[in-house]
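Student: kindly generate the corresponding structure for this input.
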Amino acid sequence: AMEKSYTSMFLLLVAISCALAKDVGKKEAKETTAKPKLPQTLSRGWGDQLIWTQTYEEALFRSKHSNKPLMIIHHLDECPHSQALKKAFAEHKDIQKLAEKFILLNLVYETTDKNLSPDGQYVPRILFI
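Tutor: Numbering: from 1, shown residues only. Now for the predicted structure:
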């Protein structure tokens, strides 16, 4: 049952990101006014009430010791697709609730660790370990 809910969450995230990515180009032209910057936290806007880890090594350690799976989100601040996924992830209450079942890490930089890019270095991408 737990694997089913993880699979459902993953499919939901993919569906939402695909749907939102189509609208990003249209909305981008309208959103040229600058928003005030909020203080930076480890959540980087993906869910401030969730517990986020700082490094891959810390996330692996917590995952092993808590027996929870690890979810890594690779994204870039200037990528419209990453922004669309972040907005959907942060605003969707069910996604936020499911995210509590994972050790969470979001990265805004690329890494040389091949385990973190098994199918390429595109963004946004979500890996479950």
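Student: is it true that Leu116 touches Ile72?
Tutor: Yes. Leu116 lies in contact with Ile72 (C-beta atoms under 8 Å); the separation is 6.6 Å. For the C-beta atoms, the positions are set from N, CA and C on the backbone; glycine is no exception.
Student: which SS class is Ile72?
Tutor: Secondary structure assignment for Ile72 (DSSP: H, G, I helix; E, B strand; the rest coil): strand.
Student: what is the burial count for it?
Tutor: Other residues near Ile72 number 21, with proximity taken as other C-beta atoms under 10 Å.
Student: from what I can see it touches Thr111, true?
Tutor: No. Assessed by C-beta under 8 Å, Ile72 is found out of contact with Thr111, at 9.7 Å.
Student: and for the two, which residues touch both?
Tutor: Tyr56 (C-beta atoms under 8 Å, 6 or more residues apart in numbering).
Student: if I look at the closest residue to Ile129 other than its chain neighbours, how far off is Trp52?
Tutor: Spatial nearest neighbour of Ile129, excluding adjacent residues (C-beta to C-beta, 6 or more residues apart in numbering): Leu70 at 4.3 Å. According to C-beta to C-beta, to the nearest Å, Leu70 and Trp52 sit 12 Å apart.
Student: same question, Trp46
Tutor: With C-beta to C-beta as the criterion, Trp46 and Trp52 are 8 Å apart.
Student: what does Ile73 give?
Tutor: As judged by C-beta to C-beta, Ile73 and Trp52 stand 10 Å apart.
Student: please identify which of these two sits among more neighbours.
Tutor: Using other C-beta under 10 Å, the more surrounded residue of Ile73 and Trp52 is Ile73, with 23 against 19.
Student: for the more buried one, list the residues it contacts.
Tutor: Going by C-beta under 8 Å, 6+ apart, Ile73 touches Trp46, Leu85, Phe89, Leu104, Leu105, Asn106, Leu107, Pro124, Arg125, Ile126.
Student: closest one of these to Lys97?
Tutor: Nearest to Lys97, judged by C-beta to C-beta, of these is Phe89 at 11.9 Å.
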